[in-house]
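> have a look; sequence and predicted model below, questions after that.
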Amino acid sequence: HVQLVESGGGSVQPGGSLTLSCATSNYKYNTASIAWFRQAPGKEREWVATITAGASSTYYADSVKGRFAISRDMAKNTVDLLMNSLKSEDTALYYCARHDGWWSFDYWGQGTQVTVS
């Protein structure tokens, strides 16, 4: 079955950077769009970014635009999220998910924690 596994979370000071990776398996890697979401304690899950199949387009939430970058690493079959200029409000559990439509998702990872303080 399809698997998504996140890694790369950790603790970082404000202004720092982290790169998250979403490792995908058991489907044709470049045939589906992948999204990153996050959820902070007591808050609703928030969409962060999407990269389309073939990496032809990327989309970002306004809250991260200009600071985060989503990309594909074809050699590793991962979708990476480079996060720069991190703020305390970026603290959350970050998930990747596979799109099965414009705004529907069929597989989710377990998440990786990012703490900015």
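Sure, I can see it.
> mind listing what Gln113 touches?
Remark: with contacts taken as C-beta atoms under 8 Å, 6 or more residues apart in numbering, Gln113 is in contact with Gly9, Gly10, Ala92, Leu93, Tyr94. The way it works is simple: take the backbone N, C-alpha and C, and place the C-beta from them, glycine included.
> okay, and the residue nearest the centre of the chain sits in which element?
By C-alpha atoms, centre = their mean, the chain has its centre lying nearest to Trp36, at 2.9 Å. Secondary-structure element containing Trp36, defined by DSSP states H and E: strand 34-39.
> can you list the strands that that strand pairs with?
Using DSSP bridges, the strands paired with strand 34-39 in its sheet are strand 46-51 (antiparallel), strand 92-101 (antiparallel).
> and the contacts of the last one?
This points to strand 92-101. Applying C-beta under 8 Å, 6+ apart, the set of residues contacting strand 92-101 from outside is 2, 4, 6, 9, 20, 22, 24, 27, 32-40, 43, 45-46, 48, 50, 79, 81, 105-114.
> off-centre distance for that strand?
6 Å (C-alpha atoms, centre = their mean, to the nearest Å).
> repeat for the first one
What separates the centre of strand 46-51 from the centre of its chain is 7 Å, taken as C-alpha atoms, centre = their mean.
> need the mean per-residue confidence for the next helix or strand after that strand.
Using DSSP H and E, the helix or strand that directly follows strand 46-51 along the chain is strand 58-60. The average pLDDT for strand 58-60 rounds to 97.
> next, the buried residues of strand 58-60.
By neighbour count on 16 or more other C-beta atoms under 10 Å, the buried set for strand 58-60 is Tyr60.
> okay, now the sheet partners of that strand, with direction.
Here the strand partners of strand 58-60, with direction, are listed using DSSP bridges: strand 46-51 (antiparallel).
> ok, residues contacting the strand it pairs with?
Contacts of strand 46-51 from elsewhere in the structure, counted by C-beta under 8 Å, 6+ apart, are 33-40, 57-61, 63-64, 68, 70-72, 79, 81, 92, 94, 99.
> can you check stretch 15-32 too?
By C-beta under 8 Å, 6+ apart, the surrounding residues in contact with stretch 15-32 are 1-10, 12, 34, 36, 53-55, 72-74, 76-86, 94, 96, 98-100, 109, 112, 114, 116.
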